[in-house]
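1. pasting the structure only:
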């Protein structure tokens with residue numbers, strides 16, 4: 001499974017790098033308030049997308065003896081629910097626009113909402129590829145869809161389409177994904193609907209969807225209120241600041257979700273192996289993501305100035321804070337996937353109730369001070385969430401927060417040493433490009449050197465796997 005994790009990580013990151021480059025070009029053309037408007041709508045679309053899935057995709061992956069009836073039933077269920085959700089969004093669009101006092105949101109919401117319908121058609125094909133551990137095909141499909149939609153979005157942005165360029169980009173990506181998914185799988189749904197299949201997976205799926213909705217609310221509640229209490233321009237800065245860190249976070253989170261659930265589910269009755277595999281995944285995840293996010297936090301200002309121009313400078317402190325927050329979130333998410341693999345969605349739901357209370361408390365204290373303090377509230381709540389996420393695995397498997405932190409101490413120490421060296425290396429350099437280059441080289445040399453000196457075993461394993469993949 002670690003081999004699958006590594007391959008999926010490399011493939012997924014390649015998709016995110018392309019998306020990042022295309023996003024930079026779009027950000028140089030478009031304005032902060034245009035990004036803020038789409039960032040706001042993206043939250044509503046994400047909520048409804050979770051409802052469309054209803055947790056049954058995860059239930060299919062977790063289930064050991066899935067049948068054709070299961071797959072066909074969930075496929076048609078997803079399509080039906082997507083239609084219902086789109087109708088609700090269509091009639092709800094005027095209320096969203098009135099709440100935020102942005103008339104354009106009516107038409108934007110109704111058009112962007114079409115992605116909900118499109119996404120329902122590739123949910124099951126994606127599940128089938130995931131069950132077969134065919135992450136390479138998933139990554140290729142995503143890469144083609146990202147490139148094609150990105151190019152089309154950039155063309156429309158240059159033509160002066162403004163915020164509509166982002167809407168078109170989103171829809172085109174969904175269209176390409178649907179087409180390519182169906183071209184790559186041989187499965188076809190039978191025209192049947194089994195109440196028995198739906199009932200069998202409802203227990204896991206219903207708890208998962210509630211947990212996912214709560215998690216989504218925890219992660220995006222600040223977005224909903226920034227636009228209301230400040231402006232879409234401030235939300236644009238906040239969204240752009242978080243997107244740099246989210247490129248890394250979403251890449252690894254999606255890899256963890258797709259690899260860990262099917263992989264750990266096979267070990268759900270072998271607790272010692274389950275703990276051993278979880279420890280290895282947590283350390284490998286931190287080893288890969290922590291230096292990237294810490295390094296990004298340190299080069300935030302020259303990176304934004306160089307890539308996005310000075311008009312995006314208010315996003316710098318947001319990026320720095322969120323990078324550190326996401327480093328914690330990625331490691332903490334392993335614990336959530338572990339509970340999913342054990343079928344304990346009831347525990348993740350209980351945790352989410354507590355996490356949203358923590359998030360609301362910190363946000364309530366931060367909102368009146370602006371977006372930087374909102375980002376700090378995100379970091380504070382994320383730190384608390386780590387301990388909440390670790391509580392149940394600690395009780396069930398005796399592998400809780402303290403043991404996980406202890407396992408990560410060498411990586412934390414080496415990353416801190418790397419951060420100090422990067423900071424010193426940039427002090428007397430004035431060129432933004434050279435700051436980024438010198439910081440990257442310094443960080444890489446110090447971090448890799450530190451891993452070798454402290455003989456972190458996961459580093460040797462990952463190097464071995466990379467060499468093995470290169471020789472194929």
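-> Looks like it came in fine. For clarity, every value in this text was computed on a predicted model and none was experimentally measured.
2. can I assume residue 382 is in contact with residue 331?
-> No - the pair formed by residue 382 and residue 331 falls short of the contact definition of CB atoms under 8 Å, at 10.5 Å. Yep, even glycine has a C-beta here, placed from its N, CA and C like the rest.
3. list the residues that contact the closest residue to residue 433 other than its chain neighbours.
-> Nearest residue to residue 433, sequence neighbours excluded (CB to CB, 6 or more residues apart in numbering): residue 306, at 6.1 Å. Residue 306 makes contact with 432-433, 436, according to CB atoms under 8 Å, 6 or more residues apart in numbering.
4. just the element for residue 306, please.
-> Assigned by DSSP states H and E, residue 306 falls within helix 300-308.
5. check residue 440 too.
-> Using DSSP H and E, residue 440 sits within helix 432-453.
6. contact partners of that helix?
-> So helix 432-453 is contacted by 287, 291, 295, 298-299, 302-303, 305-306, 413-415, 417-418, 421-422, 425-426, 429, 459 (CB under 8 Å, 6+ apart).
7. among those residues, which ones are buried?
-> By neighbour count, with 16 or more other CB atoms under 10 Å, the contacts of helix 432-453 hold 287, 291, 295, 298-299, 302-303, 414-415, 418, 421-422, 425-426, 459 as buried.
8. any idea how far the nearest residue to residue 300 once chain neighbours are set aside is from residue 358?
-> With sequence-adjacent residues excluded and distances taken as CB to CB, 6+ apart, residue 300 is closest to residue 319, at 4.4 Å. Per CB to CB, to the nearest Å, residue 319 is found 23 Å from residue 358.
9. so the residue lying closest to residue 224 once chain neighbours are set aside: helix, strand or coil?
-> With CB to CB, 6+ apart as the criterion, residue 224 has its nearest non-adjacent residue at 6.0 Å, and that residue is residue 43. At residue 43, secondary structure determined by DSSP: H, G, I helix; E, B strand; the rest coil is helix.
10. and for residue 43, the neighbour number?
-> Residue 43 is flanked by 17 other residues according to other CB atoms under 10 Å.
11. with residue 158 instead?
-> Neighbourhood size, residue 158 [other CB under 10 Å]: 12.
12. which elements pack onto the strand or helix carrying the residue nearest to residue 300?
-> Using DSSP H and E, residue 319 sits in helix 316-341. Counting contacts by 3 or more CB pairs under 8 Å, 6 or more residues apart in numbering; DSSP states H and E, helix 316-341 is packed against helix 56-62, helix 232-265, helix 271-298, helix 300-308, helix 345-366, helix 371-397.
13. could I get those helices as TSV with distance to residue 214 and mean pLDDT?
-> What follows is the helices and strands packed on helix 316-341, written out as TSV (distance: least, CB to CB, whole Å; pLDDT from 0 to 100):
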stretch	distance to residue 214	mean pLDDT
helix 56-62	15	70
helix 232-265	16	72
helix 271-298	23	84
helix 300-308	30	92
helix 345-366	3	84
helix 371-397	12	90
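14. these: which one's closest to residue 327?
-> Proximity to residue 327 (CB to CB) singles out helix 271-298 among those, at 4.3 Å.
15. for that closest one, buried residues please.
-> 274-275, 277-298.
16. repeat for stretch 29-41
-> The neighbour-count check on stretch 29-41 (16+ other CB under 10 Å) flags 29-30, 32-41 as buried.
17. count the neighbours of the residue nearest to residue 300 for me.
-> Residue 319: 25 surrounding residues under other CB under 10 Å.
18. what's the answer for residue 453, then?
-> By the criterion of other CB under 10 Å, residue 453 has 10 neighbours.
19. before we move on, back to that, surely the residue nearest to residue 300 and residue 244 touch.
-> Yes - counting by CB under 8 Å, residue 319 touches residue 244, with 5.0 Å between them.
20. what touches both of these two?
-> 296, 300.
21. just the buried residues of the contacts of residue 306.
-> 432, 436.
22. show me what the host helix or strand of residue 403 is packed up against.
-> In the assignment (DSSP H and E), residue 403 maps to helix 401-426. In terms of contacts (3+ CB pairs under 8 Å, 6+ apart), helix 401-426 is packed against helix 271-298, helix 371-397, helix 432-453.
23. can you lay out those helices as TSV showing distance to residue 19?
-> Putting those into TSV (distance: least, CB to CB, whole Å) gives the following:
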stretch	distance to residue 19
helix 271-298	16
helix 371-397	22
helix 432-453	19
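24. one step back: how about the residue nearest to residue 300, what does it touch?
-> So residue 319 contacts 241-242, 244-245, 296-297, 300, 304 (CB under 8 Å, 6+ apart).
25. hang on, residue 414 packs against residue 454?
-> Yes - when contacts are counted by CB under 8 Å, residue 414 is listed as touching residue 454 (6.5 Å).
26. okay if I get the helices and strands packed on helix 316-341 as a markdown table plus distance to residue 223?
-> As requested, the helices and strands packed on helix 316-341 are exported to a markdown table (distance: least, CB to CB, whole Å):
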| stretch | distance to residue 223 |
| --- | --- |
| helix 56-62 | 24 |
| helix 232-265 | 7 |
| helix 271-298 | 20 |
| helix 300-308 | 20 |
| helix 345-366 | 11 |
| helix 371-397 | 10 |
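27. give me the number of residues near the closest residue to residue 371 other than its chain neighbours?
-> The shortest distance from residue 371 to any non-neighbouring residue, by CB to CB, 6+ apart, is to residue 238 (4.8 Å). Neighbourhood size, residue 238 [other CB under 10 Å]: 30.
28. quick one, what contacts residue 238?
-> For residue 238, the contacting residues are 36, 39, 222-223, 226, 315, 318, 371, 374-375, by CB under 8 Å, 6+ apart.
29. same question, residue 287
-> Taking CB under 8 Å, 6+ apart, one finds 411, 451, 456, 458-459, 462 in contact with residue 287.
30. low-scoring stretches of the stretch 1-150 of the chain, by residue?
-> Applying pLDDT under 70 to the stretch 1-150 of the chain picks out residues 1-13, 54-55, 61-64, 133.
31. where along it do the helices fall?
-> Assigned by DSSP state H, counting those that start in this stretch, the stretch 1-150 of the chain shows helices spanning 2-29, 32-53, 56-62, 68-100, 105-112, 114-120, 123-131, 135-158.
32. one step back: and the residue nearest to residue 300, how far is that from residue 424?
-> 21 Å.
33. residue 99 now?
-> 48 Å.
34. was I right about residue 379 contacting residue 327?
-> No - counting by CB under 8 Å, residue 327 is not a contact partner of residue 379; they are 10.1 Å apart.
35. more neighbours: which of the two?
-> The neighbour comparison of residue 379 against residue 327 (other CB under 10 Å) goes to residue 327, with 26 against 18.
36. what comes into contact with stretch 100-119?
-> With contacts defined as CB under 8 Å, 6+ apart, stretch 100-119 is touched by 37-38, 40-41, 44-45, 48-49, 52, 82-83, 85-86, 89-90, 92-94, 96-97, 163-164, 167, 170-171, 174-175, 177-178, 227-228, 232.
37. buried ones in that stretch?
-> 100, 102, 105-106, 108-119.
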